[in-house]
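Trainee: here is my input; please provide its structure:
(chains A and B)
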Amino acid sequence: MAQPLPLRGLAALGAMALAVLASVGRVTRFALSTFRHMVTPPFYGREFLVALGNVGWLSLPVVGLTAFFTGGALALQIYAGGARFDAQAVVPQIVALGMVRELGPVLVGLMIAARVTSSIAAEIATMKVTEQIDALVTLSTHPMKYLTVPRVLAGIVAVPLLVGLGDIVGIFGGFTVGVKSLGFNPSVYIRNTWDFLEPLDVISSMVKGLVFGFIATLMGCYAGMGSGRGAQGVGRATKSSVERASVLILAANFLLTGVFFSL
Amino acid sequence: MISISGLQKSFGSNRVLAGVDLEVGRGRSMVVIGGSGTGKSVLLKCVLGLVTPDAGRILVDGVDATAGDRDAFLARFGMLFQGAALFDSLPVWQNVSFRLLRGALKRPRAEAREIAIEKLRRVGLSPDVADRFPGELSGGMQKRVGLARAIAADPQIIFFDEPTTGLDPIMSGVINDLIREIVTEMGATALTITHDMTSVRAIADEVAMLHGGTVRWTGPVAQMDASGDAHVDQFIHGRAEGPIAALR
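Mentor: Residues are numbered from 1 along each chain as shown, chains lettered A, B, ... in the order given. Have a look, this model is predicted:
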(Lines give C-alpha, C1' and ligand atoms only; values in the text may rest on other atoms or scores of the structure.)
Protein backbone atom coordinates (compact mmCIF):
# COMPACT_ATOMS: atom_id res chain seq x y z
CA MET A 1 0.00 0.00 0.00
CA ALA A 2 1.33 3.44 -0.95
CA GLN A 3 2.35 5.73 1.92
CA PRO A 4 0.43 8.97 2.48
CA LEU A 5 2.07 12.06 1.02
CA PRO A 6 3.35 13.56 4.32
CA LEU A 7 5.04 10.26 5.22
CA ARG A 8 6.65 10.04 1.80
CA GLY A 9 7.95 13.57 2.28
CA LEU A 10 9.38 12.63 5.67
CA ALA A 11 10.97 9.50 4.22
CA ALA A 12 12.60 11.55 1.45
CA LEU A 13 13.86 14.05 4.02
CA GLY A 14 15.25 11.22 6.15
CA ALA A 15 16.96 9.64 3.16
CA MET A 16 18.51 12.98 2.28
CA ALA A 17 19.76 13.50 5.83
CA LEU A 18 21.28 10.01 5.85
CA ALA A 19 22.97 10.66 2.50
CA VAL A 20 24.47 13.91 3.81
CA LEU A 21 25.71 12.20 6.99
CA ALA A 22 27.19 9.33 4.96
CA SER A 23 28.95 11.85 2.75
CA VAL A 24 30.35 13.68 5.78
CA GLY A 25 31.55 10.34 7.14
CA ARG A 26 33.30 9.44 3.88
CA VAL A 27 35.04 12.82 3.63
CA THR A 28 36.14 12.56 7.28
CA ARG A 29 37.55 9.09 6.73
CA PHE A 30 39.35 10.32 3.62
CA ALA A 31 40.83 13.25 5.56
CA LEU A 32 41.98 10.98 8.40
CA SER A 33 43.53 8.58 5.92
CA THR A 34 45.34 11.53 4.29
CA PHE A 35 46.76 12.60 7.67
CA ARG A 36 47.87 9.03 8.40
CA HIS A 37 49.69 8.77 5.07
CA MET A 38 51.25 12.21 5.61
CA VAL A 39 53.19 10.99 8.62
CA THR A 40 54.17 7.53 7.42
CA PRO A 41 56.82 6.84 4.75
CA PRO A 42 57.43 6.68 1.85
CA PHE A 43 57.30 10.39 1.03
CA TYR A 44 57.27 11.63 -2.54
CA GLY A 45 59.25 14.90 -2.49
CA ARG A 46 59.35 15.36 -6.26
CA GLU A 47 55.55 15.04 -6.52
CA PHE A 48 55.20 17.56 -3.67
CA LEU A 49 57.37 20.10 -5.51
CA VAL A 50 55.39 19.62 -8.73
CA ALA A 51 52.14 20.09 -6.80
CA LEU A 52 53.58 23.17 -5.05
CA GLY A 53 54.30 24.68 -8.46
CA ASN A 54 50.79 23.93 -9.69
CA VAL A 55 48.98 25.14 -6.58
CA GLY A 56 51.21 28.08 -5.68
CA TRP A 57 53.32 29.44 -8.51
CA LEU A 58 50.77 28.99 -11.30
CA SER A 59 48.01 30.57 -9.17
CA LEU A 60 49.92 33.81 -8.71
CA PRO A 61 48.46 35.70 -11.72
CA VAL A 62 44.81 34.92 -10.94
CA VAL A 63 45.25 35.60 -7.22
CA GLY A 64 47.14 38.83 -7.83
CA LEU A 65 44.64 40.21 -10.34
CA THR A 66 41.62 39.22 -8.24
CA ALA A 67 43.09 40.84 -5.10
CA PHE A 68 44.15 44.02 -6.91
CA PHE A 69 40.75 44.68 -8.46
CA THR A 70 38.91 43.77 -5.26
CA GLY A 71 41.07 46.12 -3.19
CA GLY A 72 40.47 48.91 -5.68
CA ALA A 73 36.72 48.34 -5.77
CA LEU A 74 36.64 48.16 -1.97
CA ALA A 75 38.33 51.56 -1.70
CA LEU A 76 35.76 53.09 -4.06
CA GLN A 77 32.85 51.51 -2.14
CA ILE A 78 34.12 52.62 1.28
CA TYR A 79 34.79 56.13 0.01
CA ALA A 80 31.29 56.41 -1.50
CA GLY A 81 29.61 54.83 1.54
CA GLY A 82 31.70 56.81 4.03
CA ALA A 83 30.75 60.07 2.30
CA ARG A 84 27.17 59.59 3.56
CA PHE A 85 28.31 60.23 7.15
CA ASP A 86 31.49 62.18 6.47
CA ALA A 87 33.84 59.23 7.09
CA GLN A 88 35.80 59.08 3.81
CA ALA A 89 39.08 59.19 5.74
CA VAL A 90 38.67 55.59 6.97
CA VAL A 91 39.32 54.13 3.50
CA PRO A 92 42.91 52.91 4.26
CA GLN A 93 41.93 51.27 7.55
CA ILE A 94 38.80 49.54 6.23
CA VAL A 95 40.48 48.37 3.03
CA ALA A 96 43.29 46.84 5.09
CA LEU A 97 40.91 45.28 7.59
CA GLY A 98 38.52 44.01 4.90
CA MET A 99 41.26 42.51 2.78
CA VAL A 100 43.28 40.90 5.56
CA ARG A 101 40.47 39.62 7.74
CA GLU A 102 37.92 38.61 5.14
CA LEU A 103 38.24 39.25 1.42
CA GLY A 104 41.86 38.18 0.97
CA PRO A 105 41.48 34.68 2.42
CA VAL A 106 37.97 34.06 1.05
CA LEU A 107 38.67 35.26 -2.48
CA VAL A 108 41.97 33.39 -2.67
CA GLY A 109 40.24 30.30 -1.27
CA LEU A 110 37.48 30.50 -3.87
CA MET A 111 39.98 31.16 -6.68
CA ILE A 112 41.96 28.11 -5.59
CA ALA A 113 38.74 26.09 -5.49
CA ALA A 114 37.99 27.16 -9.05
CA ARG A 115 41.49 26.73 -10.44
CA VAL A 116 43.17 24.02 -8.37
CA THR A 117 40.35 21.89 -6.93
CA SER A 118 38.77 21.41 -10.36
CA SER A 119 42.11 20.60 -11.95
CA ILE A 120 43.05 18.06 -9.26
CA ALA A 121 39.62 16.40 -9.43
CA ALA A 122 39.66 16.17 -13.23
CA GLU A 123 43.22 14.85 -13.31
CA ILE A 124 42.72 12.15 -10.67
CA ALA A 125 39.29 11.18 -12.03
CA THR A 126 40.79 10.74 -15.50
CA MET A 127 43.57 8.66 -13.99
CA LYS A 128 40.93 6.50 -12.33
CA VAL A 129 38.88 6.07 -15.49
CA THR A 130 41.96 5.13 -17.53
CA GLU A 131 43.14 2.61 -14.87
CA GLN A 132 46.21 4.68 -13.97
CA ILE A 133 45.26 4.45 -10.29
CA ASP A 134 45.11 0.64 -10.58
CA ALA A 135 48.46 0.77 -12.35
CA LEU A 136 49.93 2.71 -9.42
CA VAL A 137 48.78 -0.02 -7.03
CA THR A 138 50.27 -2.79 -9.16
CA LEU A 139 53.55 -0.81 -9.16
CA SER A 140 53.56 -0.98 -5.33
CA THR A 141 52.71 2.72 -5.00
CA HIS A 142 49.86 3.80 -2.72
CA PRO A 143 47.63 6.30 -4.57
CA MET A 144 46.94 8.23 -1.34
CA LYS A 145 50.66 8.73 -0.76
CA TYR A 146 51.55 9.45 -4.38
CA LEU A 147 48.56 11.57 -5.43
CA THR A 148 46.71 12.91 -2.39
CA VAL A 149 49.40 13.68 0.19
CA PRO A 150 51.67 15.80 -2.09
CA ARG A 151 48.70 17.85 -3.33
CA VAL A 152 47.17 18.42 0.11
CA LEU A 153 50.56 19.35 1.58
CA ALA A 154 51.10 21.75 -1.31
CA GLY A 155 47.72 23.34 -0.54
CA ILE A 156 48.56 23.70 3.15
CA VAL A 157 51.92 25.33 2.35
CA ALA A 158 51.07 27.42 -0.71
CA VAL A 159 47.62 28.83 0.01
CA PRO A 160 48.58 30.76 3.22
CA LEU A 161 51.41 32.34 1.21
CA LEU A 162 49.00 33.17 -1.61
CA VAL A 163 46.60 34.68 0.94
CA GLY A 164 49.43 36.81 2.36
CA LEU A 165 50.29 37.97 -1.14
CA GLY A 166 46.61 38.57 -1.94
CA ASP A 167 46.29 40.71 1.20
CA ILE A 168 49.26 42.85 0.19
CA VAL A 169 48.18 43.19 -3.46
CA GLY A 170 44.60 43.98 -2.39
CA ILE A 171 45.80 46.71 -0.06
CA PHE A 172 47.99 47.98 -2.89
CA GLY A 173 44.89 48.03 -5.15
CA GLY A 174 43.09 50.16 -2.55
CA PHE A 175 46.17 52.35 -2.19
CA THR A 176 46.40 52.89 -5.97
CA VAL A 177 42.73 53.91 -6.22
CA GLY A 178 42.94 55.96 -3.01
CA VAL A 179 45.98 57.94 -4.15
CA LYS A 180 45.24 58.20 -7.89
CA SER A 181 41.47 58.73 -7.82
CA LEU A 182 40.39 59.74 -4.34
CA GLY A 183 43.13 62.21 -3.49
CA PHE A 184 44.72 60.48 -0.48
CA ASN A 185 48.25 61.37 0.53
CA PRO A 186 50.43 58.26 -0.14
CA SER A 187 52.44 58.36 3.09
CA VAL A 188 49.34 59.02 5.24
CA TYR A 189 47.53 56.15 3.49
CA ILE A 190 50.40 53.74 4.20
CA ARG A 191 50.79 54.90 7.82
CA ASN A 192 47.04 54.55 8.49
CA THR A 193 47.06 51.06 6.99
CA TRP A 194 50.12 49.95 8.95
CA ASP A 195 49.04 51.44 12.27
CA PHE A 196 45.55 50.02 12.15
CA LEU A 197 46.38 46.35 11.46
CA GLU A 198 46.98 44.08 14.46
CA PRO A 199 48.98 40.83 14.55
CA LEU A 200 45.77 38.85 15.13
CA ASP A 201 44.37 40.13 11.81
CA VAL A 202 47.38 38.75 9.94
CA ILE A 203 47.42 35.50 11.92
CA SER A 204 43.72 34.90 11.23
CA SER A 205 44.34 35.51 7.54
CA MET A 206 47.16 32.94 7.42
CA VAL A 207 45.22 30.35 9.42
CA LYS A 208 42.24 30.77 7.11
CA GLY A 209 44.57 30.32 4.15
CA LEU A 210 45.93 27.10 5.65
CA VAL A 211 42.45 25.69 6.30
CA PHE A 212 41.13 26.76 2.88
CA GLY A 213 44.19 25.25 1.16
CA PHE A 214 43.56 21.98 2.96
CA ILE A 215 39.85 21.99 2.06
CA ALA A 216 40.42 22.91 -1.61
CA THR A 217 43.05 20.25 -2.31
CA LEU A 218 41.40 17.57 -0.18
CA MET A 219 38.06 18.01 -1.97
CA GLY A 220 39.77 17.77 -5.36
CA CYS A 221 41.49 14.53 -4.40
CA TYR A 222 38.36 13.10 -2.75
CA ALA A 223 36.15 13.75 -5.77
CA GLY A 224 38.78 12.44 -8.18
CA MET A 225 39.38 9.22 -6.24
CA GLY A 226 35.63 8.59 -5.95
CA SER A 227 34.89 9.40 -9.59
CA GLY A 228 32.41 7.34 -11.60
CA ARG A 229 33.11 5.85 -15.00
CA GLY A 230 33.56 7.63 -18.30
CA ALA A 231 33.50 11.26 -19.32
CA GLN A 232 30.32 11.82 -17.33
CA GLY A 233 32.00 10.50 -14.17
CA VAL A 234 34.94 12.88 -14.65
CA GLY A 235 32.56 15.80 -15.27
CA ARG A 236 30.52 15.04 -12.17
CA ALA A 237 33.62 14.64 -10.02
CA THR A 238 34.97 17.99 -11.20
CA LYS A 239 31.69 19.81 -10.64
CA SER A 240 31.05 18.32 -7.20
CA SER A 241 34.63 19.02 -6.07
CA VAL A 242 34.28 22.75 -6.77
CA GLU A 243 30.81 22.90 -5.19
CA ARG A 244 31.94 21.13 -2.02
CA ALA A 245 35.19 23.05 -1.73
CA SER A 246 33.45 26.43 -2.19
CA VAL A 247 30.69 25.72 0.33
CA LEU A 248 33.14 24.28 2.88
CA ILE A 249 35.49 27.24 2.46
CA LEU A 250 32.66 29.70 3.13
CA ALA A 251 31.41 27.67 6.10
CA ALA A 252 34.92 27.36 7.53
CA ASN A 253 35.40 31.10 7.05
CA PHE A 254 32.30 31.79 9.09
CA LEU A 255 33.45 29.47 11.89
CA LEU A 256 37.03 30.77 11.92
CA THR A 257 35.88 34.38 11.92
CA GLY A 258 33.68 33.57 14.90
CA VAL A 259 36.58 31.88 16.71
CA PHE A 260 39.19 34.58 16.03
CA PHE A 261 37.15 37.68 16.64
CA SER A 262 35.26 36.48 19.68
CA LEU A 263 38.69 36.23 21.37
CA MET B 1 52.27 -21.20 -9.19
CA ILE B 2 48.93 -19.44 -8.92
CA SER B 3 46.11 -21.41 -7.33
CA ILE B 4 42.61 -19.97 -7.20
CA SER B 5 39.82 -21.85 -5.47
CA GLY B 6 36.17 -21.05 -4.84
CA LEU B 7 36.61 -17.39 -5.78
CA GLN B 8 33.39 -15.39 -5.51
CA LYS B 9 32.63 -11.76 -6.15
CA SER B 10 29.35 -9.88 -6.49
CA PHE B 11 28.65 -6.21 -7.22
CA GLY B 12 25.28 -5.54 -5.65
CA SER B 13 22.92 -8.16 -7.02
CA ASN B 14 25.23 -8.92 -9.95
CA ARG B 15 27.13 -12.11 -9.17
CA VAL B 16 30.22 -11.92 -11.37
CA LEU B 17 32.38 -14.73 -10.00
CA ALA B 18 30.46 -17.65 -8.55
CA GLY B 19 33.25 -19.99 -7.43
CA VAL B 20 36.19 -19.88 -9.80
CA ASP B 21 38.80 -22.64 -9.54
CA LEU B 22 41.95 -22.21 -11.60
CA GLU B 23 45.56 -23.37 -11.47
CA VAL B 24 48.41 -21.77 -13.39
CA GLY B 25 51.68 -23.69 -13.26
CA ARG B 26 55.01 -21.93 -12.73
CA GLY B 27 56.41 -20.67 -16.02
CA ARG B 28 53.20 -21.51 -17.89
CA SER B 29 51.07 -19.17 -19.94
CA MET B 30 47.36 -19.39 -19.12
CA VAL B 31 44.84 -17.49 -21.19
CA VAL B 32 41.35 -16.91 -19.80
CA ILE B 33 38.71 -16.44 -22.47
CA GLY B 34 35.06 -15.53 -22.14
CA GLY B 35 32.50 -13.03 -23.33
CA SER B 36 32.31 -9.42 -22.26
CA GLY B 37 31.09 -9.02 -18.69
CA THR B 38 31.92 -12.57 -17.62
CA GLY B 39 34.33 -11.40 -14.92
CA LYS B 40 37.71 -11.91 -16.57
CA SER B 41 39.03 -8.50 -15.48
CA VAL B 42 37.53 -8.96 -12.00
CA LEU B 43 39.43 -12.25 -11.72
CA LEU B 44 42.75 -10.50 -12.47
CA LYS B 45 41.94 -7.64 -10.14
CA CYS B 46 41.13 -10.05 -7.31
CA VAL B 47 44.55 -11.67 -7.64
CA LEU B 48 46.24 -8.25 -7.63
CA GLY B 49 44.22 -7.06 -4.63
CA LEU B 50 42.53 -4.27 -6.61
CA VAL B 51 39.17 -5.92 -5.90
CA THR B 52 38.44 -7.71 -2.63
CA PRO B 53 36.80 -11.09 -3.20
CA ASP B 54 33.70 -12.05 -1.20
CA ALA B 55 34.92 -15.61 -0.72
CA GLY B 56 37.56 -18.02 -1.93
CA ARG B 57 41.30 -18.40 -1.77
CA ILE B 58 44.15 -17.15 -3.93
CA LEU B 59 47.56 -18.69 -3.34
CA VAL B 60 50.73 -17.59 -5.11
CA ASP B 61 53.52 -20.11 -4.56
CA GLY B 62 51.56 -21.36 -1.57
CA VAL B 63 51.26 -17.90 0.03
CA ASP B 64 47.85 -16.32 0.57
CA ALA B 65 47.65 -13.33 -1.79
CA THR B 66 45.31 -11.40 0.46
CA ALA B 67 47.57 -11.55 3.55
CA GLY B 68 51.06 -10.29 4.38
CA ASP B 69 53.21 -7.58 2.83
CA ARG B 70 51.35 -6.28 -0.24
CA ASP B 71 54.34 -4.36 -1.61
CA ALA B 72 56.58 -7.42 -1.51
CA PHE B 73 53.80 -9.45 -3.09
CA LEU B 74 53.19 -6.95 -5.89
CA ALA B 75 56.92 -6.52 -6.53
CA ARG B 76 56.80 -9.98 -8.16
CA PHE B 77 54.09 -8.90 -10.61
CA GLY B 78 54.03 -7.03 -13.88
CA MET B 79 50.78 -5.95 -15.48
CA LEU B 80 49.88 -4.76 -18.96
CA PHE B 81 46.57 -2.89 -18.79
CA GLN B 82 43.97 -2.90 -21.54
CA GLY B 83 44.51 0.79 -22.34
CA ALA B 84 48.18 0.62 -21.28
CA ALA B 85 47.35 2.96 -18.32
CA LEU B 86 50.50 5.01 -18.83
CA PHE B 87 50.96 8.03 -16.56
CA ASP B 88 50.49 10.89 -18.98
CA SER B 89 52.27 13.41 -16.76
CA LEU B 90 55.52 11.43 -17.00
CA PRO B 91 57.80 10.87 -19.99
CA VAL B 92 57.96 7.37 -21.41
CA TRP B 93 61.20 6.37 -19.72
CA GLN B 94 59.85 7.33 -16.28
CA ASN B 95 56.71 5.31 -16.99
CA VAL B 96 58.80 2.26 -17.86
CA SER B 97 61.13 2.59 -14.90
CA PHE B 98 58.42 3.79 -12.48
CA ARG B 99 59.06 0.95 -10.05
CA LEU B 100 62.81 1.46 -10.29
CA LEU B 101 62.63 5.14 -9.34
CA ARG B 102 60.92 4.63 -5.99
CA GLY B 103 60.20 2.06 -3.31
CA ALA B 104 62.07 -1.13 -2.47
CA LEU B 105 63.47 -1.62 -5.99
CA LYS B 106 64.78 1.96 -6.28
CA ARG B 107 67.91 2.43 -8.44
CA PRO B 108 69.97 5.52 -9.28
CA ARG B 109 68.16 7.68 -11.84
CA ALA B 110 70.74 7.14 -14.61
CA GLU B 111 70.62 3.37 -14.15
CA ALA B 112 66.81 3.35 -14.13
CA ARG B 113 66.84 5.30 -17.42
CA GLU B 114 69.32 2.83 -18.94
CA ILE B 115 67.08 -0.08 -17.96
CA ALA B 116 64.04 1.73 -19.38
CA ILE B 117 65.79 2.26 -22.73
CA GLU B 118 66.89 -1.38 -22.79
CA LYS B 119 63.31 -2.55 -22.13
CA LEU B 120 61.98 -0.16 -24.78
CA ARG B 121 64.44 -1.68 -27.24
CA ARG B 122 63.22 -5.14 -26.22
CA VAL B 123 59.69 -4.25 -27.24
CA GLY B 124 60.85 -2.76 -30.52
CA LEU B 125 60.90 0.95 -29.64
CA SER B 126 63.88 3.20 -30.34
CA PRO B 127 65.61 5.14 -27.53
CA ASP B 128 64.30 8.47 -28.87
CA VAL B 129 60.82 7.43 -27.67
CA ALA B 130 62.12 7.57 -24.07
CA ASP B 131 61.73 11.32 -23.70
CA ARG B 132 58.35 11.59 -25.36
CA PHE B 133 55.08 11.70 -23.42
CA PRO B 134 52.42 8.95 -23.72
CA GLY B 135 49.99 11.36 -25.40
CA GLU B 136 52.42 11.69 -28.32
CA LEU B 137 52.40 7.94 -29.07
CA SER B 138 50.10 5.79 -31.20
CA GLY B 139 47.94 3.09 -29.57
CA GLY B 140 50.37 0.34 -30.62
CA MET B 141 53.36 2.24 -29.24
CA GLN B 142 51.52 2.86 -25.96
CA LYS B 143 50.84 -0.88 -25.66
CA ARG B 144 54.51 -1.59 -26.21
CA VAL B 145 55.50 0.98 -23.59
CA GLY B 146 52.99 -0.67 -21.24
CA LEU B 147 54.62 -4.00 -21.98
CA ALA B 148 58.09 -2.53 -21.33
CA ARG B 149 56.81 -1.19 -17.98
CA ALA B 150 55.34 -4.60 -17.11
CA ILE B 151 58.73 -6.31 -17.61
CA ALA B 152 60.96 -3.48 -16.31
CA ALA B 153 61.60 -5.06 -12.91
CA ASP B 154 61.91 -8.61 -14.32
CA PRO B 155 58.74 -9.91 -12.63
CA GLN B 156 58.09 -13.58 -11.97
CA ILE B 157 54.41 -13.25 -12.87
CA ILE B 158 52.94 -11.10 -15.66
CA PHE B 159 49.26 -10.32 -16.25
CA PHE B 160 47.98 -9.15 -19.61
CA ASP B 161 44.54 -7.56 -19.74
CA GLU B 162 43.16 -7.63 -23.30
CA PRO B 163 46.61 -6.98 -24.80
CA THR B 164 45.43 -6.51 -28.41
CA THR B 165 42.20 -4.56 -27.91
CA GLY B 166 42.01 -1.55 -30.23
CA LEU B 167 45.00 -2.55 -32.34
CA ASP B 168 45.06 -3.38 -36.06
CA PRO B 169 45.71 -7.05 -36.98
CA ILE B 170 49.37 -6.49 -37.81
CA MET B 171 50.09 -4.63 -34.57
CA SER B 172 48.09 -7.29 -32.69
CA GLY B 173 50.36 -9.92 -34.21
CA VAL B 174 53.45 -7.94 -33.16
CA ILE B 175 52.19 -7.63 -29.56
CA ASN B 176 51.21 -11.32 -29.42
CA ASP B 177 54.65 -12.40 -30.65
CA LEU B 178 56.36 -10.06 -28.19
CA ILE B 179 54.34 -11.42 -25.27
CA ARG B 180 55.11 -15.01 -26.23
CA GLU B 181 58.83 -14.31 -26.68
CA ILE B 182 59.15 -12.33 -23.46
CA VAL B 183 57.26 -14.85 -21.35
CA THR B 184 59.39 -17.67 -22.74
CA GLU B 185 62.76 -15.93 -22.34
CA MET B 186 61.97 -14.64 -18.83
CA GLY B 187 60.48 -17.94 -17.70
CA ALA B 188 57.64 -15.95 -16.19
CA THR B 189 54.21 -17.23 -15.27
CA ALA B 190 51.64 -15.45 -17.43
CA LEU B 191 47.92 -14.95 -17.02
CA THR B 192 46.21 -13.26 -19.97
CA ILE B 193 42.57 -12.38 -20.44
CA THR B 194 41.30 -11.82 -23.92
CA HIS B 195 38.55 -12.63 -26.37
CA ASP B 196 40.86 -12.36 -29.35
CA MET B 197 41.28 -15.96 -30.53
CA THR B 198 44.42 -15.10 -32.52
CA SER B 199 46.00 -13.96 -29.26
CA VAL B 200 44.88 -17.13 -27.53
CA ARG B 201 46.60 -19.35 -30.09
CA ALA B 202 49.75 -17.23 -30.09
CA ILE B 203 50.17 -16.77 -26.34
CA ALA B 204 48.58 -19.71 -24.52
CA ASP B 205 49.98 -22.93 -23.16
CA GLU B 206 46.67 -23.55 -21.44
CA VAL B 207 43.24 -22.03 -21.89
CA ALA B 208 40.38 -21.58 -19.43
CA MET B 209 36.94 -20.44 -20.42
CA LEU B 210 34.99 -18.35 -17.93
CA HIS B 211 31.22 -18.47 -18.26
CA GLY B 212 28.41 -17.97 -15.77
CA GLY B 213 30.87 -17.00 -13.03
CA THR B 214 32.80 -20.28 -13.12
CA VAL B 215 35.49 -21.93 -15.23
CA ARG B 216 33.51 -23.78 -17.88
CA TRP B 217 36.44 -25.60 -19.47
CA THR B 218 40.21 -25.68 -19.06
CA GLY B 219 42.89 -27.53 -20.95
CA PRO B 220 45.92 -27.23 -23.25
CA VAL B 221 45.51 -24.84 -26.16
CA ALA B 222 46.04 -27.74 -28.57
CA GLN B 223 42.89 -29.41 -27.24
CA MET B 224 40.74 -26.32 -27.39
CA ASP B 225 39.30 -27.06 -30.83
CA ALA B 226 38.29 -30.56 -29.72
CA SER B 227 37.07 -29.59 -26.26
CA GLY B 228 33.65 -31.16 -26.82
CA ASP B 229 32.08 -28.28 -24.91
CA ALA B 230 29.35 -26.45 -26.83
CA HIS B 231 30.08 -23.15 -25.03
CA VAL B 232 33.79 -23.26 -25.91
CA ASP B 233 32.97 -24.31 -29.46
CA GLN B 234 30.54 -21.44 -29.96
CA PHE B 235 32.97 -18.92 -28.47
CA ILE B 236 36.11 -19.89 -30.37
CA HIS B 237 34.24 -19.99 -33.67
CA GLY B 238 32.38 -16.76 -32.94
CA ARG B 239 28.94 -18.15 -33.70
CA ALA B 240 25.83 -16.15 -32.81
CA GLU B 241 23.82 -19.39 -32.39
CA GLY B 242 24.54 -21.65 -29.44
CA PRO B 243 24.20 -22.00 -25.68
CA ILE B 244 25.76 -18.57 -25.00
CA ALA B 245 23.16 -15.83 -25.45
CA ALA B 246 24.33 -13.28 -28.01
CA LEU B 247 22.63 -10.47 -26.09
CA ARG B 248 23.79 -10.29 -22.48
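Trainee: contacting residues for the residue in chain B positioned nearest to chain A?
Mentor: Taking Cβ to the nearest Cβ as the measure, chain B has B:Ala85 as its residue closest to chain A, at 4.0 Å. C-beta here means a position set from N, CA and C on the backbone, and glycine is covered the same way. Each residue near B:Ala85 by Cβ atoms under 8 Å, 6 or more residues apart in numbering or on different chains is listed here: A:130-132, A:134-135, B:146.
Trainee: quick check, nearest of the residues you listed to A:Leu210?
Mentor: Set against A:Leu210, the nearest of the contacts of B:Ala85 by Cβ to Cβ is A:Gln132 (29.8 Å).
Trainee: still on that earlier bit, for the residue of chain B closest to chain A, grab phi and psi.
Mentor: Note on B:Ala85: its backbone torsions stand at phi 50, psi 40 [degrees, to the nearest 10].
Trainee: pull out the buried residues from the helix or strand hosting A:Met16.
Mentor: For A:Met16, the host element (DSSP states H and E) is helix A:5-38. Buried residues in helix A:5-38, defined by neighbour count with 16 or more other Cβ atoms under 10 Å in any protein chain shown: A:27, A:30-31, A:34, A:37-38.
Trainee: could you point out which element follows that helix?
Mentor: Counting by DSSP H and E, the next helix or strand C-terminal to helix A:5-38 is helix A:45-55.
Trainee: can you name the residues bridging to B:Arg57?
Mentor: With DSSP bridges as the criterion, B:Arg57 is bridged to B:Ser5.
Trainee: tell me the pLDDT at it?
Mentor: Looking at B:Arg57, its pLDDT stands at 94.
Trainee: that one against B:Gly6, yeah?
Mentor: Yes: when contacts are counted by Cβ atoms under 8 Å, B:Arg57 is listed as touching B:Gly6 (6.5 Å).
Trainee: can you give me the helices for the stretch 151-263 of chain A?
Mentor: A:186-196, A:199-225, A:230-261 (DSSP state H, counting those that start in this stretch).
Trainee: report the angle between the second one and helix A:45-55.
Mentor: Helix A:199-225 and helix A:45-55 meet at an angle of 110 degrees, taking axes from the mean of the first three to the mean of the last three Cα atoms, to 10 degrees as the criterion.
Trainee: near chain B at all, helix A:199-225?
Mentor: No: judged by Cβ under 8 Å from any Cβ of the partner chain, helix A:199-225 makes no contact with chain B; its nearest approach is 13.6 Å.
Trainee: mean confidence (pLDDT) on the one helix or strand B:Glu185 maps to, please.
Mentor: Here B:Glu185 sits within helix B:169-186, counting by DSSP H and E. Averaged over helix B:169-186, pLDDT sits at 88.
Trainee: can you list contacts of it?
Mentor: Defining contact as Cβ under 8 Å, 6+ apart, one finds that helix B:169-186 is touched by B:29, B:122-124, B:139-140, B:143-144, B:147, B:151, B:154-155, B:158, B:160, B:163-164, B:167, B:188, B:190, B:192, B:196, B:198-199, B:202-203.
Trainee: isn't A:Leu110 right up against A:Leu248?
Mentor: No: the criterion here is Cβ under 8 Å, and A:Leu110 misses it with A:Leu248 at 11.1 Å.
Trainee: and A:Gly64, what does it touch?
Mentor: Contacts of A:Gly64 by Cβ under 8 Å, 6+ apart are A:165-166, A:169.
Trainee: any idea how far the nearest residue to A:Met144 once chain neighbours are set aside is from chain B?
Mentor: Closest residue to A:Met144 apart from its sequence neighbours, by Cβ to Cβ, 6 or more residues apart in numbering or on different chains: A:His37 at 4.7 Å. Using Cβ to the nearest Cβ, to the nearest Å, A:His37 is found at 14 Å from chain B.
Trainee: which residues touch A:His37?
Mentor: Taking Cβ under 8 Å, 6+ apart, we find A:His37 in contact with A:142, A:144-145, A:148-149.
Trainee: mind redoing it with 10 Å?
Mentor: Shown in contact with A:His37 (Cβ atoms under 10 Å, 6 or more residues apart in numbering or on different chains): A:43, A:142-146, A:148-149, A:152.
Trainee: what's around B:Ala75, how many residues?
Mentor: When neighbours are counted by other Cβ atoms under 10 Å in any protein chain shown, B:Ala75 registers 18.
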